[in-house]
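[1] quick one, what's the 3D model for this:
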Amino acid sequence: MGLERPSSLGNDNTAAVLIQAAFRRHQKREEERMRTNTMMLETLEEASEAMINKRSGLLRVINSKLSGGLTQKLSRGMARLRLASALGRTKKKGDDNAPANAEAEEDVEKAELESDNDSPTELPSLSPSALEDIMTSLKDGSTFSMIDALAILRAAMVVFAGEDSVNFVDATENGSVVVVGDLHGQLHDLVFIFDQKGMPSEDNKYIFNGDLVDRGNHGCEIAILLCALKVAYPKFVFINRGNHEEAFINIYSGFEEECLGKYDHKVFQMFHRVFDWLPYACVVNSGVFVIHGGPPCDEGATIEDLRTLPRGQEGSRQEVDEKRTRWYKDIIWSDPHPEGSFLGSTPSHRGAGMLWGKDVSHRFLEMNDLSIILRSHQCVPGGIETCHGGKCFTLFSASRYCGTGENKGAVLVFKHGETTPQPANALVWSVPMSANLLGYERIRSERKGKEAVNDAVAAQAREYIIEYKTELYAHWQELEAQPNRPAKRGLINLYEWATGLTAVLKIKILWSRVFDKLVKEEDIVVVRGKRHVAWKTFLADYTVQLKGGCKAWQDDVVSRITSAVLQSGGDLLAAFEEMDADKSGEISKSEFLSAVRSSLPALSVLSDAQLAAVWDAFDADNSGSVDFDEFKNMLTSSMTANSTGEHQVGVRWSTQAKEGETSTEMSWEKNLSESLGRLFYSHRQELHHIWHTKFDLDESKSLSKEDFIQMLRVLDESTGKHLLSEEGLVALADGMDTDGNGELTSKSSASAWAASQARIND
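    Numbers count the residues shown, from 1 in each chain. Modelled structure (predicted):
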């Protein structure tokens, strides 16, 4: 007797239908998960860009303050090009220590002189065979020498400056136009595209739609290669400007750091001279409007208006009418509104540009006799997305974005006369599997699973928690003060934790996905079977503290405070009544500051912000005033006996909690220490940029204490924090000058701040 088949498989057609249905359900779940993960990363990136846009004005203020009176260390000939990079047209990894020779040094001096005089530099060969060799070298991990980089960038700048702000690109009768979206420094994706679609030619034209750099590790190689192709094939290669071709974005998003690691700041500045001349848009086959962000939202905006929109240095671009000045941000920063029914336009949450509705798309296309808008700027799960009734397409070409995303990469190809995308002509990929793909990039790109995404989300979220720690503290403290609140004091439930992060950080994501990555196990308390967060200890985990020489400066300030309070000794009630100028029975902040300034001249080294931190420590209940009990408790808790056994008023200024004690309240000293730490931590990109552009012009990686003091003074003033007094700045610089030679290195400056918990920097 044979084996009986299960009834579920008795009918082959039924089994096939069941399997297909199960597969479709699985596929739908996977697509939804991928879309959710992609949206989480996109939301955090938009929040990051909003923060950067807020700080763009800060850099302008800093630059204006540093425009004169500096110790200019640069003299002609001191800013040497790296000798190692002159030894060959490309340099292999590990060749930096190759011996210099007289010929190489002569080439360096020549390139430097030509760079300073804006005179032409000899281009490397850009013949088809030479470009193939360059591609092979890049695949093998090489990069361009500094001489070739500068020469190619200069030549490309001339070519771009000769173009209009809008290019018209038509496919030949038997040819095509390939449109590439954001690449963000992911060289492996560009290599894959060229392997699949071929190099540029008359019958194979390319449009690169902005955001060549930042995020990935190979922005320099991508930008220089594409500039080389532009110089070699000016009518076959076109590059639109994206928001990541703006200098202040590159300062915060990684490209400046990449340039300094591979070349020097002169090359970074040269990149931006090129970026300033990039066109804004292309029109393909007279019907496809290709632009990075979106069209101008103003009624009546035309291609002709955009074609004549000035480019070049920012100062010269401002000399246009007010209406078109706004367009600079709109065309590289805008996004379609996420709600399909939305009409009109509204400011973008990115901090620049607009969110526009379908009516804006239809109006612009009709006004200019166009078929579709093809834009980039947003990471989309499938590499390609459409909205506004099929009239607006988003194209993204950086697959598995930043090595942690799960999105696909894509390019669109338009044949002769085509003005709408044809699915058969699209190239979409999950992981570029080119045979010559850089091995380590492939490994990074192949990281799978939600953990990679959640790790990236958590890492970015930690930055924001540190940045907005004070606001989070105030939010949850106000929540805890609500009457008839059932939760135990000091605890918040998971809903309150998540909604607090969303409200304060202005980021709406699934916080439950990263809860275990952000909250330590010891900060979780179970009440009636439900998890709660001990929010004060949670925030205490995200503390930035100064270390090294900075701690020595802090101790010096503390000793001055202690001495001043000891000298004021005596009766606590009398001291309280003396500060209570209006005899209200409570000391206001203004009364406190006034009394300290008049009665304790030894504290003149402290700024108002520092004294405000002291005040916050006294005001234990955050009522806005200090009563006698608060005043007495603050001081008597740290009274010490002198040699005669009499008690004197003193303060235990310790950042360390007693054994068995968890310190969650911010003492004034901890508040000051963290404020200074956050000044370094939150503005480390500005410090890095200022260091290289205003002080370390000879690239010695060091600067004098005087310059260091001026750098911090300007940053402190420009941010409006006013945490650093003049005497404190001097003491801080002295503490960081560990070897006493009067010079500070970039390494010692970078180590001035540190996250107190290593996991913050995971």
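[2] rest of the way, CA atoms for contacts and neighbours
    Will do.
[3] can you pull the contacts of Val360?
    Cys297, Leu343, Gly344, Ser345 (CA atoms under 8 Å, 6 or more residues apart in numbering).
[4] which stretch of helix or strand covers it?
    Using DSSP states H and E, Val360 sits in helix 358-367.
[5] longest strand of this protein, counting residues only.
    Scanning the chain for the strand with the most residues, using DSSP state E, yields strand 409-415.
[6] from the contact counts, what lies against it?
    Applying 3 or more CA pairs under 8 Å, 6 or more residues apart in numbering; DSSP states H and E, one finds that strand 409-415 contacts strand 176-180, strand 392-395, strand 427-429.
[7] which residues of the stretch 151-300 of the chain fall in helices?
    187-197, 219-232, 247-253, 255-262, 265-275 (DSSP state H, counting those that start in this stretch).
[8] and the longest helix anywhere in the chain, what's its mean pLDDT?
    With secondary structure taken from DSSP state H, the chain has its longest helix at helix 12-65. Averaged across helix 12-65, pLDDT comes to 73.
[9] what helices and strands are in contact with it?
    helix 247-253, helix 450-467, helix 705-719.
[10] elements contacting the shortest one?
    Translated: helix 247-253. So helix 247-253, by 3+ CA pairs under 8 Å, 6+ apart, packs with helix 12-65, helix 684-690.
[11] likewise the second one?
    Contacts of helix 450-467 with other secondary structure elements, assessed using 3+ CA pairs under 8 Å, 6+ apart, are made with helix 12-65, helix 515-518, helix 668-682.
[12] and for the last one?
    Packing partners of helix 705-719 (3+ CA pairs under 8 Å, 6+ apart): helix 12-65, helix 684-690, helix 726-736, strand 743-745.
[13] if we can go back for a sec, dump the helices and strands packed on strand 409-415 to TSV, plus distance to Asn63.
    Shown next, in TSV, are the helices and strands packed on strand 409-415 (distance: least, CA to CA, whole Å):
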stretch	distance to Asn63
strand 176-180	36
strand 392-395	36
strand 427-429	44
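[14] please identify the deepest-packed of the ones you listed.
    When the helices and strands packed on strand 409-415 are scored by mean count of other CA atoms under 10 Å, the highest mean neighbour count falls to strand 176-180 (a mean of 25).
[15] quick one: least confident helix or strand in this protein?
    Within the chain, no helix or strand scores below strand 647-648, which has a mean of 31 by mean pLDDT, DSSP states H and E.
[16] could the helices and strands packed on helix 12-65 go into TSV alongside mean pLDDT?
    Shown next, in TSV, are the helices and strands packed on helix 12-65 (pLDDT from 0 to 100):
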stretch	mean pLDDT
helix 247-253	86
helix 450-467	77
helix 705-719	79
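[17] can you list those helices in a markdown table and add distance to Cys259 and mean neighbour count?
    Output for these, formatted as a markdown table (distance: least, CA to CA, whole Å; neighbours: other CA atoms under 10 Å):
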| stretch | distance to Cys259 | mean neighbour count |
| --- | --- | --- |
| helix 247-253 | 10 | 20 |
| helix 450-467 | 23 | 19 |
| helix 705-719 | 22 | 19 |
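[18] show me what contacts Ala398?
    Ala398 touches Gly181, Asp182, Leu183, His184, Gln186, Asp189, Lys408, Gly409, Ala410, counting by CA under 8 Å, 6+ apart.
[19] strands - which of the contacts of Val360 land there?
    Ser345.
[20] only the buried subset of the contacts of Val360, as a PyMOL command please.
    To isolate the buried subset of the contacts of Val360 in PyMOL, counting by 16 or more other CA atoms under 10 Å, use the following:
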select buried, resi 297+345
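[21] identify, from the contacts of Val360, the entry nearest to Glu202.
    In terms of CA to CA, no member of the contacts of Val360 lies closer to Glu202 than Cys297, at 34.3 Å.
[22] and the gap between the residue nearest to that closest one when sequence neighbours are not counted and His377?
    Nearest residue to Cys297, sequence neighbours excluded (CA to CA, 6 or more residues apart in numbering): Val360, at 6.3 Å. Distance of Val360 to His377, computed by CA to CA, to the nearest Å: 18 Å.
[23] and the helix or strand harbouring Gly500, what's buried?
    Following DSSP H and E, one finds Gly500 within helix 494-505. In terms of neighbour count (16+ other CA under 10 Å), helix 494-505 has its buried residues at Leu494, Trp497, Ala498, Gly500, Leu501, Val504, Leu505.
[24] what's the answer for stretch 503-516, then?
    For stretch 503-516, by 16+ other CA under 10 Å, it's Val504, Leu505, Ile507, Lys508, Ile509, Trp511, Arg513, Val514.
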